[in-house]
Every structure is written in C-alpha cells, then in structure tokens.
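Engineer: Pasted the sequence and its predicted model underneath.
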Amino acid sequence: MEEIHRFGYDPITCHTWNNNQSQLALSLNNNEVGIYQKSGKQWERSAVLAEHSGRVMGIDWGRTTNRIVTCGADRNAYVWTPSEDGRWRPTLVLLRINRAATTVRWSPKENKFAVGTGARLICVCHYEEENDWWVAKHIKKPIGATVSSIDWHPNNVLLAAGSSDFAVRIFSAFVKEIERRPEPTVWGTKMPFAALMYEERRRGDGWVHSVGFSPSGNRLAWASHGSVVGISDAGTVYTLTTSVLPFLSVLWVSESSLVAAGHDCRPYLYSVGSAVVYAGSLDVSTHEEDQGDLSAMQMFHSLDRLGAADVSTAIGTKHQNSVNQMAAVAWRDCVATRVSSVGTDGLLILWNTSSLHASLNSLKL
Amino acid sequence: MSKTVSTREFRKVDVDQYNEDNFQEDTDGNETQLQGPNETEVNNLIGSKNNVQALKAVVQNPVVGSRNTDTKLKAFRLVMRVLSVFKSSEIEAAVATLSASEVDLLMKYVYRGFSEQTTTTDNICPILLSWHEKLFAVGGLGSIVRVLTNRQTV
C-alpha cells in the first residue's frame, strides 16, 4: 500500500533521502530547505537550511559522505556539512553563472557534483584541498538552452543532460585532478572534459524535462514535453508517444523498467526491451473510491445551491496535482522496491513497486 | 532626452536580433523533398466516394516543418476537403484505420482548421469538432499536447 505524507499545501519542488531513509530533505517552493526526521509514522522538521536568497531548485544528499548540496534561482550552490549539534554548516560554491541554477546532483562517488543552469551550461564542481573551496568548471558547447535535468553515469565520469533545446546529450565530466582515466563504455572511449559523447535532438518532441541512466549506464531514458518517453540503448533510439499529459520525471527501477510521472498526476511503469511498452500504473485508484459517502440530502442540497449533484473537486488519483520529482528509496538486487514521488499538491507518496515487478516478470516469461 | 534626436527610426530597430545569446532555431535541410499528398489521387478517390481511401491518401507524405507555405496551404486545403466529405457516423470507423502518427497529424490539421475559419470557406467547424472528438478518443491528451509542442507545424 502507498504511504501518503502531507507537508503543507504548497508545492514540493524537490526532495532527497539520506542513506537509510530516516531523514528527508525537501523544499516547499521557497528559498528554504527543511530536513525532516522520521518519528513514528510522522515526519518532524529537525533543521532548516536557509541560506539561499532565491527559490531552491535542486537538492541532493550524498549518501556515503552525508553532505547535502543545494542550488537555487539566486545563481548559487551551497554544500552543507552536518555538525555535532544537529545544525548544518553551508559552504558557498562560486558557480560563475549569470542565470539561475536549475538542478544539482552528486556524482556516484560524491567527490564532485554537477549543476544544470539556465545560462546554457553545466557546472561541474570538485573540491580543491589546498584552497579549501569548490572549483567550478563549465561545459558549454553545444548546449543551446536551459539545462533542465542531469544524471550521472555509474562510472562517475559521464553526465547526461536534458535541455530546452529539445536535445538529450551525454558529456564527459572527467576531472583529471581527482580521478583516473575511466574505462571505455558503450558511449565512447575517449572522454576528455566537456567532450560530447552522444546527442539526440528531436525538434518535434519538445523540451526535455528529465533524463536518467539505467543502473548499468548502458541505457538512457528521457521524458519530453510532447508526451514522449524516449530510450537510447547505447545509440539505438526507441520512443513511445503517450496519450496522457507530459511527464516531468523518469526513474529507472531496474535495468529493464522505468517509472515516469508528471502532469498526469499518476506514476506509470514502462518495460524496456526491444521496444518501450506500457506496463501499468502504480496508482490504481479510481474515481469512485475517492468520492466518499454522498447522502441523498447532500445531493439535493448541492443540486439546489450549485446546480450540480457531485461537487467533489478531487481527481481520481492519489496525487491531486502534477508530480514534480521521483526518487528511488530502497533497492534490493538491482531493483528499486520503493519509490517516492512529490507533487504540486504538497504530498509525498511512497509507492511499492515489488508487486508490479512480479506481474512484469510473469508477462515477460 | 527623447527629443534631442530628430529622426526616430532607431526606436523601431529590433535589438533582440543582435543579441548573441539568442536561441538559434535551425532549419531542416530537406525542404525540397516534402511534397505533400498527391492531389489528383485524392480528388479521384473523393469523386468515387472512397472516403476512407482518400483519408489514407491525404495523410501520406506529410508536409510538416517545411517553410514552403504554398505547399502547406495546398495540403491543408486538401485535408479540409477530405475531412468535410465524411458523414458524422463514418468518422469513428475511419479513425480506427489510422496509425498513431497519422492520428497526431490529423489532429494538427484539425487545429489549423479551427484557427483558419474565414467567411469564404464553408462552415466546417461542426465536422471538425466531430473529427476532434473521435481523434481525441484514440490519441488522448498526448495528441493535443503534441499539436502545441511540435515546432514543425503543419
């Protein structure tokens, strides 16, 4: 069953989990980040990270190093380290951008992080010991518009970026000061910093809202504003045009299945093999369930006053407004068993994907 | 300060075109190859009352994304002609014969039809609305979103 948590009535723009899901960091469409601690079945706010002067656009929690990185519309990024008294100490990172930062992610080894910006570039930041600060390097060409979403490849070097110039690209974010040359992957062998390893530009599909590498890194998925889900399997592209509203977030839950959610307010599961196939929704509620008791007197009363018998404004899904972001919460044997989604309705919902996976496996044989 | 210069033409210059940061829309290179549906074939099929065949023929070789407005206008008029010969009861069966991309293409033409109603053409809005309803039943909200987001217009 799903767990539903409400964090007020403001939209939750971004969220992230710590390493054992005992703590949650999220932002309610303002310039603060709240750290919430699980106490029983409720979430209690244990700390507030308030340093940004603009809306917080992205948060990521480094699970092994226990550091949080945030980025905001004020063109800044902060790295927060926890101290013994439960407070978080911010370190400003100079990104040298003249537009807002839109999204931020720690690399898998958490020794660097990447920030997508509205300045048509990506900042890759790493820590420099001798000066005790974070240095930002820019990846510019050939990005032509705002970078809306980024995701790291498991090899800690390749970075996928989806942007508003209708393109999905994979760049190399190899920082020679902190790492060794990586092994070749399906996306190429030579990976100097800012090299464009792959590009897929589909003018007909609209802005790219979200990108994601599969757990092995050999597949890349994206969601476009034209209600299209696209997969590139090491260069071979499959797309699925959907008949629902566009998705804002895609998340791989195994090597061959992914969950997508967005303006349709419902997470959908897709199976990826030789083609992309719709495999059911995580949200199986129907409109009848949500109506509740409607007595005869209520019905005639509202007919008289408002001209309509049914005045419920709830829609037949668990989320009552668009889903902004999804995150994988728990993994078991390379399959994500629990997934969280946050929406514009102020809800955070935890979904179990294990039952759907079982039915997926029985389908595939 | 605004009266010190006698000529005022400089105020009409579009300064945004000189901004280096402007998003450069690139053009398709294959404009000459997009020809649109075969007009004679479609007209013959309409004449012989083969409405469903005419519909299939008119969605072949779509002229999307081209800057050749004449070809697009010709194709548009042809599509409107085909859509208007259908009776309301026949539309659903005809839509069932189309593929998903053809449904999307027709939805684009339906919206262009909505936006270009003039007094000289027949009033085809009712038939367009019926087409919209049947296409929506198959294509869903996604097909309408694609009409709005696809920069390659019809």
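Structural biologist: Received it, and whenever you're ready, just let me know what you need. Numbers count the residues shown, from 1 in each chain, chains lettered A, B, ... in the order given.
Engineer: Next one, pLDDT for residue B:17 please.
Structural biologist: On the pLDDT scale, residue B:17 is placed at 81.
Engineer: Run through who's touching the longest helix along chain B.
Structural biologist: Longest helix in chain B, counting residues (DSSP state H): helix B:125-149. With contact meaning C-beta atoms under 8 Å, 6 or more residues apart in numbering or on different chains, helix B:125-149 is reached by A:204-207, A:224-228, A:241-246, A:264, B:83-84, B:86, B:88, B:91-92, B:95-96, B:98, B:100, B:103-104, B:106-108, B:110-111, B:113-114, B:117. Any C-beta I mention is one placed from the backbone N, CA and C, and that applies to glycine too.
Engineer: pLDDT on it, on average?
Structural biologist: In the prediction, helix B:125-149 has an average pLDDT of 93.
Engineer: ok, back up a step: quick one: which of the contacts of helix B:125-149 sit in strands?
Structural biologist: With strands taken from DSSP state E, the overlap with those comprises A:224, A:228, A:241.
Engineer: Residue 100: how many residues sit nearby?
Structural biologist: No chain specified, so I'll use chain A. 18 (other C-beta atoms under 10 Å in any protein chain shown).
Engineer: The intended chain is chain B.
Structural biologist: 14.
Engineer: which one is it nearest to, not counting chain neighbours?
Structural biologist: residue A:241 (6.2 Å; C-beta to C-beta, 6 or more residues apart in numbering or on different chains).
Engineer: In this structure the one you found contacts residue A:228, no?
Structural biologist: Yes. With contacts counted by C-beta atoms under 8 Å, residue A:241 reaches residue A:228, the gap being 5.3 Å.
Engineer: The two: who's more crowded?
Structural biologist: Higher neighbour count among residue A:241 and residue A:228: residue A:228, with 24 against 21, using other C-beta under 10 Å.
Engineer: Give me every residue in chain B lying close to chain A.
Structural biologist: Contact residues (C-beta under 8 Å from any C-beta of the partner chain) of chain B with chain A: B:21, B:23-24, B:64-65, B:100-101, B:104, B:138-143, B:145-146, B:149-152.
Engineer: swap the cut-off to 7 Å and go again
Structural biologist: Residues of chain B found near chain A (C-beta under 7 Å from any C-beta of the partner chain) are B:23-24, B:100, B:139-143, B:145-146, B:149-152.
Engineer: Quickly name whichever of the residues you listed is closest to chain A.
Structural biologist: Ranked by distance to chain A (C-beta to the nearest C-beta), the residues of chain B next to chain A are led by residue B:140 at 2.6 Å.
Engineer: where are the low-confidence patches of chain B?
Structural biologist: Under the criterion pLDDT under 70, the flagged ranges of chain B are B:1-2, B:26-34, B:118-122.
Engineer: Now do the helices in it.
Structural biologist: With helices called from DSSP H, chain B shows them at B:39-47, B:51-58, B:69-85, B:88-96, B:100-115, B:125-149.
Engineer: Not counting its own residues, what contacts the third one?
Structural biologist: When you say that, I think you mean helix B:69-85. For helix B:69-85, contacts defined as C-beta atoms under 7 Å, 6 or more residues apart in numbering or on different chains pick out B:34-37, B:39, B:42, B:46, B:51, B:54-55, B:58, B:63, B:66, B:109, B:112-113, B:122, B:124, B:127-128, B:131, B:154.
Engineer: on that earlier part again, any quick ChimeraX command for the buried ones out of the contacts of helix B:125-149?
Structural biologist: Remark: buried members of the contacts of helix B:125-149, expressed as a ChimeraX selection using 16 or more other C-beta atoms under 10 Å in any protein chain shown:
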select /A:204,205,206,207,224,225,226,227,228,241,242,243,244,245,246,264 /B:83,84,86,91,95,98,103,104,106,107,108,110,111,113
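Engineer: In this structure the residue nearest to residue B:100 contacts residue B:103, no?
Structural biologist: No. The criterion here is C-beta atoms under 7 Å, and residue A:241 misses it with residue B:103 at 9.7 Å.
Engineer: and of the helices of chain B, who's closest to residue A:1?
Structural biologist: Closest approach to residue A:1 among the helices of chain B (C-beta to C-beta): helix B:125-149, 28.4 Å.
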